[in-house]
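Visitor: Below are the sequence and a predicted model for it; my questions follow.
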Amino acid sequence: MRRYMAEHVVPTGRIRRKQPLREVPEITHSVSEKAGQTLTGWRFNLLGVLFLLAGVMVIIQLIRLQFSPERSEFVLQGEQYSRTLHIFYPPRGDIYDRWGRLLAGSTLVYEVGVQVGNVENPDSIAFALSKVLVSHPEYNYAGYSDDIFAVIHQAQISGTAYVQLADFVTPEELTQLQDWARNYANLPNVDYGEAGRPSLDGLVYRLRLERYYPENELGANVLGFVNREGTGMFGVESEFNDLLAGAPQSVWMTLNPYQVTEIPQLKAGADIILTIDREIQAAAEDVLDKGLEDSGADGGVLLVMDPNTGEMLAIASTPRLNPNEYWNYASVFTDNTPYNRAVSQDYEPGSVFKILTMASALDNGTVTPDTQFVDTGSIQIGGITIHNWDWGAWGPQDMQGCMAHSLNVCLTWVASQLGAGPFYQYMQSFGFGRTTGIDLAGEAPGRLKLPGDTDWFEAELGTNSFGQGIAVTPIQMVMAISSVANAKGEMMMPHVMRSMVRDGVQYTPTPQIVGQPISAETARHLTDLLANSLEGESSDALVEGYRVAGKTGTAEIATPTGYTSDETNASFAGWGPVGNPRFLVYVWLEKPTSSPWGSVVAAPVFHDMVERLVVLMDIPPDGVLQGLVNH
Amino acid sequence: MIGVILLFLVCAAIVAGIYLNVTARAAAVGRQIQEMQVRVYGYHYLTGDTGETYVPIEELEQRIANLSSQLAYITSYSIMQERVKDLNLTPIDADHIDYMEVPGYVERQTTSLAPPPVPVVVTASTIAPEFKESLFDWVADQVRKTARLFSEAQP
């Protein structure tokens, strides 16, 4: 019992004895187990070393890359993922007429595409686009739907993020697409079979501006158009493309929200105010079209200029293209027809050129209005014989008679009296053989053969005196005649830009005087002479109540077999009112069929134009004006 | 010692919290700005964006340009001619116009869309007389000034 207690009860007051250690059986490992343990430790060490080496290699590679020649390339690649390049195009400047009426503006269009990752049903997208974009010739073809499907499918395979499917989509068409998308989104969730649930998910759009011409064909030959790439073609759009378009800016937009930067403020393209008057332009086109219809001419030009400033009030030319549908260019301008005949097509002007021959001779003092010439019906010059238009002899004539009857023989004699040297000096002073510098694209220089040129012969002096054998553009004729029409002898540079508005400031250049080929006195005398000539001949060009001066022109057209009288260029150049010139009108009808004569087909066109001009320009009749002045 | 460490840890936690708060807000604002920018140059979903009240200036300018063109179209020559026809109006002939004298009448001026450039005034520095007068001029000037001084000093 004591023994029992001694084992289980610790008596109080006594130090507890240390418990004897329990005997633990010794664990013994076999030889193979010891070898495994050693192996495991070796493997761990090896792994550790390998990881260490890998880490060191990574570090070495990182350091190496920092100093490698390809570093910049890698940096660039990295940056490509951290930012995206955006090109911001400023809105194209507007074009106005002289009174501020918009001739060329901008309208909203949309680019439509798919974010490929969000596309649920390519079939629906292809079907919707093919149905909505039927008015676009480039998208309206059999198989367009299949092409769209194929493009999306290809993009899905290649992992492309975005694909553009259509451009120049109108707001109405976009609204239709939005309606389709909403209708599809509201479809019930049922099983749609193999075709899948219709959906336009993934279809996205982006809005931008497109050039728009609210007047359609009106003034189209002056304005030109802007093509699909946004580049101005022909006319003002081409000539001032850099000004109108502004400067696009390329900006890298970061994807890092901490580095977000402001979108640059774009410098919009400059606005341009033209010298063109919309109402006069419309009247000119109307009158020209009627003239073409009445005469059966192939084409024509009608120009209206303010001879005091060189401002072009109207430039009408045929054919005309609706610049909103510029893709019809090839079908409208066939057979190398220039976009604007007034500046780009040269021709032999015929007797209307006699104005300048007579101006040169009067200014040089070779003849006076009273100089007498006996017309025998023919004259020899340079080995050829020149005849009058009617092959007749008109007997004694003064210079007014020569101009009134448009006598080739008389003008050949005048030119021969003047001499080739002075004659061609005057012609160069009038600006022939070079461009006028009008601010319209595609101006042709014409051709003025000069003594000394291999293809110039003495006979040219005779033929040039009445406007044959010389190639001029209508705008060259207008510039040259402006020196006579403004009664100052100053030749004004024709121009269509009146002002430019840029950065909130309107710049208006002053009219440029190209030169003074003749004196003011000569200009006044010649104007009087030509006004009397028209009155004496009771010309169809005369306008009741207004004294106008002018000259008709009929030129034979050169063919590979020589000149033919069957086809002519009919012209008329006139200006008025003689007392206070406000307008210069130039008419050219190409190959009229009703009559070959300028006096028959071109003079009435001038008359019709002036009748409308005096109303549009608030020009009172001479009598009324004189009465007001006297009052 | 433990207290100091804890204090340090608490301070570090506060600083880290403030830093996180500020950077998170900066990131959120940056994302908002990016979303706004996407509205300007990015793409829009067909069924989205309709309820958005925010319209960027660029888009407004595009809409204004569009409206200006529409206005120009409905006042274009051909449309106005149709309206003239509908109203049974005819163009007036030159011989049906009565002209009268209006004192002070100002002729119609061509359009002005913006003010003309302000003339640049070149302020040339004036050269002080000391640099251009001769000795004789200087003496004469001094005599004049002295004489003026005496004349002003007299009662």
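Guide: That came through, no problem. Just so it is clear, the structure is predicted and the values come from calculations on it, not from any experiment.
Visitor: C-alpha from now on. contacts and neighbour counts both.
Guide: Noted.
Visitor: Okay, residue A:252 and chain B: tell me how far apart.
Guide: 12 Å (C-alpha to the nearest C-alpha, to the nearest Å).
Visitor: Residue A:174 now?
Guide: Noted for residue A:174: a distance of 8 Å to chain B, by C-alpha to the nearest C-alpha.
Visitor: Look at stretch A:196-215 and report the distance between its end residues.
Guide: 47 Å (C-alpha to C-alpha, to the nearest Å).
Visitor: ranges for the helices of the stretch 1-150 of chain A?
Guide: With DSSP state H, counting those that start in this stretch, the ranges of helices along the stretch 1-150 of chain A come out as A:2-8, A:31-67, A:71-82, A:122-132, A:144-158.
Visitor: tell me the mean pLDDT over the shortest one?
Guide: So the one you mean is helix A:2-8. Regarding helix A:2-8, the rounded mean pLDDT is 44.
Visitor: How far off centre is stretch A:215-232?
Guide: 5 Å (C-alpha atoms, centre = their mean, to the nearest Å).
Visitor: same thing with stretch A:179-189?
Guide: With C-alpha atoms, centre = their mean as the basis, stretch A:179-189 stands 43 Å off its chain's centre.
Visitor: So which residues of the stretch 201-350 of chain A form strands?
Guide: A:203-212, A:225-226, A:232-233, A:249-254, A:271-274, A:299-306, A:311-317 (DSSP state E, counting those that start in this stretch).
Visitor: The helix or strand harbouring residue B:27 close to chain A?
Guide: Per DSSP states H and E, residue B:27 falls inside helix B:2-41. Yes - if you take C-alpha under 8 Å from any C-alpha of the partner chain as the test, helix B:2-41 does meet chain A, through B:26, B:27, B:28, B:29, B:30, B:31, B:33, B:34, B:37, B:41.
Visitor: Low-confidence regions, the chain specifically.
Guide: Assuming you mean chain A. Low-confidence segments of chain A, defined by pLDDT under 70: A:1-39, A:80, A:565.
Visitor: my bad, chain B
Guide: B:48-54, B:122-126, B:152-155.
Visitor: which stretches of it form helices?
Guide: Ranges of helices in chain B, per DSSP state H, are B:2-41, B:57-74, B:77-86, B:135-153.
Visitor: winner for burial among these?
Guide: helix B:57-74 (a mean of 16; mean count of other C-alpha atoms under 10 Å in any protein chain shown).
Visitor: got the CA positions of that one in CSV?
Guide: The C-alpha trace of helix B:57-74 is given here as CSV (Å, rounded to 0.1, in the frame of the first residue of the first chain):
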residue,chain,number,x,y,z
ILE,B,57,-17.2,70.8,-77.7
GLU,B,58,-15.8,69.1,-80.8
GLU,B,59,-19.0,67.2,-81.4
LEU,B,60,-21.0,70.3,-80.8
GLU,B,61,-19.0,72.1,-83.4
GLN,B,62,-19.6,69.3,-85.8
ARG,B,63,-23.3,69.5,-85.2
ILE,B,64,-23.2,73.3,-85.7
ALA,B,65,-21.4,72.9,-89.0
ASN,B,66,-24.0,70.3,-90.0
LEU,B,67,-26.8,72.6,-89.1
SER,B,68,-25.2,75.6,-91.0
SER,B,69,-25.0,73.4,-94.1
GLN,B,70,-28.6,72.4,-93.7
LEU,B,71,-29.6,76.1,-93.3
ALA,B,72,-27.6,76.9,-96.4
TYR,B,73,-29.4,74.2,-98.3
ILE,B,74,-32.9,75.4,-97.4
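Visitor: same for that helix, what does it pack against?
Guide: Where contact means 3 or more C-alpha pairs under 8 Å, 6 or more residues apart in numbering or on different chains; DSSP states H and E, helix B:57-74 is packed against strand A:102-115, strand A:203-212.
Visitor: how does the chain divide up, domain by domain?
Guide: Answering for chain A, as no chain was given. Using automatic domain parsing, the domain ranges for chain A come out as A:87-273, A:278-630.
Visitor: that's the wrong chain, I wanted chain B
Guide: Taken from automatic domain parsing, chain B resolves into B:1-43, B:55-90.
Visitor: got CSV for those domains, with distance to residue A:338 too?
Guide: Compiled in CSV, the domains of chain B are given as follows (distance: least, C-alpha to C-alpha, whole Å):
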stretch, distance to residue A:338
domain B:1-43, 39
domain B:55-90, 25
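Visitor: Figure out which of those is closest to residue A:268.
Guide: Residue A:268 lies closest, by C-alpha to C-alpha, to one member of the domains of chain B: domain B:55-90, at 11.0 Å.
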